[in-house]
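Novice: One predicted model, sequence on top.
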Amino acid sequence: MSEERLGFQAEVTKLLDIVAHSLYSEKEVFLRELISNASDACDRLRYEALTRPELLDGDANFRVLLTPEKDAGTLTIADNGIGMSREELVDNLGTIARSGTAAFLAEAGAGESKDAPSLIGQFGVGFYSAFMVADRVEVVSRKAGAKEAWRWSSDGKGSFTIGEGELEARGTRIALHLSEAAKEFLEPARLRGIVKRYSDHIAIPIELAEAGKAKTETLNQASALWTRPKSEISELQYKEFYRHVAHSFDDPWLTLHYRAEGKLDYSALLYVPSTPPFDLFHPERKGHLRLYVKRVFITEDCPGLLPSWLRFLRGIVDSEDLPLNISREMLQKNPLLARIRSGLVKRVLDALDKRAKEDAADYVKFCESFGAVLKEGIYEDTAERERILALARFHSTAESGLLSLESYLARMKEGQDAIYYITGEELEALAKSPQLEGFRAKGVEVLLMTDPVDGFWLSAVESFREKPFKSVTRGGADLGKIKAPEADAGKPEEAGEGAQVSGLVALFKLTLKDAVKDVRASERLTASPVCLVAEEGDMDMHLERILRQHKQLAAGSKRILELNPKHPLIKELARHVSEKGASDRLADYAYLLLDQARIVEGETPPDPAAFSRRLASVLERGLGS
């Protein structure tokens, strides 16, 4: 069969330029990426061979072989992993955002009885790093179980060729025709240094074949990093293993390495990233913790290994007790997995609690990245609810940073018997909410909650340390019990003002009728004329708005319109209540103030045309006409 020339997907050409000039700061990492892909190919075959041992074809000793050839100017990276077919070569190496790993997952997950491992090998960005050092890249691959091999070749400038190739056994051989500026990567000493720095953790041998030497040299320890004593592992080795399992370029924020022994025997090497993964808020909320059994890779995204509210964790768990042939269905029912999960959760929460106490400022960085995900556990995990609440951090009206609930309780005012909060989408908008005015006047701190999950867990949690949570957007906020600062006591109400405002409240009730649940004078407002609040016991206003937006709620509850009896506009309107024809003239003001309160809450008037007409009418005639 003759070679066929095909074009890269349009985005690939752009990506190649980005990879070569921007993505990697050090060119040497190309070798890390290609070795990582080779390791994944071996893991994939080891997994497949659990049910199809004939794929090993008598060769179960996995390895990666580096062969520098100075005369030819080539560096070859070869593995005896699962290999690729012609279609896989085209799909994986010619199309961005497609990887052998991803396609394998989709195929493996199609059957209910078959598990679906998800590996880090991204034949995409990682593979394209080869073009940082190579003028031309040739890939020859033979799929495990197949007789034919295929050859892929490209100079990375818009197209590639695909045709029949020659390979004696299964696996993949990548030959890099190095550019003049990259000839350093033909030096054995240079290769040894790179492997030691970036790939020493790889659990299969990485061998070097030098010209003139009969035997190959193993460059790495070729043992699973998590099986080694912590005293023998450097910080750099921990970092590089994190980048391997997470396929990430940042440093881990937290590393947790331990071995559980006794009734349950397993090792865990867990990482908290320093930057949020791109899929952190994907609707599927999948985890990315690798499960091994006796050093054999089984799966990533193991159902039940971690709760979804810890899905930001990366790393591995290696069990000595689970069976090697365990399937997804068996995992879901296996009691050992539940015990491993319980142990992992406890260890992670202990580590977070320790970091929070030892370095509060650094812990705030974690909360800024993953606090919203961690708080999902408050709603979902009743057993760990109190611990997660103590670990959660919140914005408030009292300071610009994040604080704990313990700090909030320590600052509660005399007479305050609840933890006050307000939920919304934007921190700045919440801080300006009129519902906060009375609390600020009394010096009462209010938590500003902007994470989408806040409304949900608050609906399920009644209190913290015996202090109830209470929304400032609900009625029943008794601020009269809390003593106001002496300087803010305000002047006494003038004779007759109370009666006039009561008359205005009654008039607004008659005018607005079914548009609101009630109209009443407010204790919480100091600067704004009106605001909307929910009745005590009704759903939080922000949560209701979220549910309506997602079609989970057909219609919203009616709200209470509160009037500020000390506001000049309300006082002036109250003065006109007793005048002849006041009900007709003040009706427009009632509806305008209701729509104003809706707008402040982030809602739109239900009848914009009527709102516009009333506004124009009021502006035209003026208040006193």
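Specialist: That came through fine. Note that the coordinates shown come from a computational prediction; the quantities given were computed from them, not determined experimentally.

Novice: can you tell me the average pLDDT over stretch 562-581?
Specialist: Taken as a whole, stretch 562-581 has an average pLDDT of 89.

Novice: my bad, stretch 537-546
Specialist: For stretch 537-546, mean pLDDT is 77.

Novice: what does stretch 216-232 give?
Specialist: Stretch 216-232 comes out with an average pLDDT of 91.

Novice: Next, the distance between the ends of it.
Specialist: Using C-alpha to C-alpha, to the nearest Å, the end-to-end distance of stretch 216-232 comes out at 25 Å.

Novice: Please parse this structure into its domains.
Specialist: For the chain, automatic domain parsing gives the domain ranges 4-222, 230-358, 395-472, 496-621.

Novice: what about the longest one, how long is it end to end?
Specialist: Going back to what we said before, that points to domain 4-222. One end of domain 4-222 to the other measures 39 Å (C-alpha to C-alpha).

Novice: residues in contact with R228?
Specialist: By C-beta atoms under 8 Å, 6 or more residues apart in numbering, R228 lies in contact with Q221. To be clear about C-beta, it is placed using only N, CA and C from the backbone, and glycine gets the same treatment.

Novice: what are the phi and psi angles of L448?
Specialist: With angles defined as degrees, to the nearest 10, L448 sits at phi -100, psi 110.

Novice: I'd assumed E426 was in contact with it.
Specialist: No. Using C-beta atoms under 8 Å, L448 makes no contact with E426, being 9.7 Å away.

Novice: the more surrounded of those two?
Specialist: Per other C-beta atoms under 10 Å, whichever of L448 and E426 has more neighbours is L448, with 21 against 11.

Novice: for the stretch 51-200 of the chain, what spans make up the helices?
Specialist: Remark: helices assigned in the stretch 51-200 of the chain by DSSP state H, counting those that start in this stretch are 86-94, 100-108, 125-128, 188-198.

Novice: Could you tell me the least trusted of those?
Specialist: Lowest mean pLDDT within these: helix 100-108, at a mean of 42.

Novice: Does D318 belong to a helix, a strand or coil?
Specialist: When classified by DSSP: H, G, I helix; E, B strand; the rest coil, D318 comes out as strand.

Novice: residues near it, how many?
Specialist: 23.

Novice: same deal with Y420?
Specialist: Residues within reach of Y420, counting by other C-beta under 10 Å, total 23.

Novice: Report the contact partners of it.
Specialist: Y420 makes contact with 439, 444-447, 470-472, 477, according to C-beta under 8 Å, 6+ apart.

Novice: Out of these, who's the most crowded?
Specialist: The residue in the contacts of Y420 with the most neighbours, by other C-beta under 10 Å, is S471 (27 neighbours).

Novice: Quick check: the closest residue to that residue other than its chain neighbours vs E87, distance?
Specialist: Nearest in space to S471, with sequence neighbours left out and distances taken as C-beta to C-beta, 6 or more residues apart in numbering, is D540 at 5.3 Å. Distance from D540 to E87, counting by C-beta to C-beta, to the nearest Å: 53 Å.

Novice: between these two, who's got more neighbours?
Specialist: Between D540 and E87, D540 has the larger neighbour count (other C-beta under 10 Å), namely 21 against 12.

Novice: Surely the more buried one touches L458?
Specialist: Yes. Contact status for D540 versus L458: in contact at 6.8 Å, counting by C-beta under 8 Å.

Novice: can you list residues touching both of those two?
Specialist: Both D540 and L458 are in contact with 423, 471, where contact means C-beta under 8 Å, 6+ apart.

Novice: possible to save the contacts of Y420 as TSV with distance to Q596 and secondary structure?
Specialist: TSV is the format used below for those (distance: C-beta to C-beta, whole Å; DSSP: H, G, I helix; E, B strand; the rest coil):
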residue	distance to Q596	secondary structure
F439	21	helix
V444	25	coil
E445	27	coil
V446	22	coil
L447	26	strand
K470	25	strand
S471	21	strand
V472	19	coil
A477	21	coil
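
Novice: Turn the residues you listed into TSV, including distance to S578.
Specialist: Putting those into TSV (distance: C-beta to C-beta, whole Å) gives the following:
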residue	distance to S578
F439	34
V444	36
E445	41
V446	38
L447	43
K470	37
S471	36
V472	34
A477	31
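
Novice: mind listing the helices for the stretch 251-400 of the chain?
Specialist: Residue ranges of the helices in the stretch 251-400 of the chain, as given by DSSP H, counting those that start in this stretch, are 328-333, 335-358, 360-374, 376-380, 385-391.

Novice: Please identify the most buried of those.
Specialist: helix 376-380 (a mean of 21; mean count of other C-beta atoms under 10 Å).

Novice: shaky segments in the stretch 401-550 of the chain?
Specialist: For the stretch 401-550 of the chain, applying pLDDT under 70 flags the ranges 476-478, 484-498, 550.

Novice: Nearest to the middle of this structure, which residue? Look it up for me.
Specialist: With distances taken as C-alpha atoms, centre = their mean, L280 lies nearest the centre of the chain, 2.3 Å away.

Novice: what does the model give that one for pLDDT?
Specialist: pLDDT, L280: 89.

Novice: That one and E376 touch, don't they?
Specialist: No. L280 lies out of contact with E376 (C-beta under 8 Å); the separation is 11.2 Å.

Novice: quick one on the thing from earlier: what is in contact with L448 and E426 at once?
Specialist: Overlap between the contact sets of L448 and E426, as judged by C-beta under 8 Å, 6+ apart, is nil.

Novice: doesn't H542 fall inside a strand?
Specialist: No. Counting by three-state DSSP, H542 is not found in a strand; it is helix.

Novice: That one against T473, yeah?
Specialist: Yes. Applying C-beta under 8 Å as the test, H542 and T473 come out as touching, 7.4 Å apart.

Novice: Need the overlap of contacts for those two.
Specialist: With C-beta under 8 Å, 6+ apart as the test, H542 and T473 both reach 422-423.

Novice: Quick one: end-to-end length of stretch 546-558, please.
Specialist: Stretch 546-558 has its terminal residues 16 Å apart, counting by C-alpha to C-alpha.

Novice: how about the strands in the stretch 51-200 of the chain?
Specialist: Using DSSP state E, counting those that start in this stretch, the strands of the stretch 51-200 of the chain run over residues 64-69, 74-79, 134-142, 149-154, 159-165, 171-178.

Novice: So which of those strands is nearest F464?
Specialist: Nearest to F464, of all these, is strand 64-69, at 52.7 Å by C-beta to C-beta.

Novice: what's that closest one in contact with?
Specialist: Contacts to strand 64-69, defined as C-beta under 8 Å, 6+ apart, come from residues 31, 35, 38-39, 42, 74-79, 185-188, 191, 195, 202, 204-211, 216, 219.

Novice: And it, what's buried?
Specialist: Residues of strand 64-69 classed as buried: 64-68 (neighbour count, 16 or more other C-beta atoms under 10 Å).
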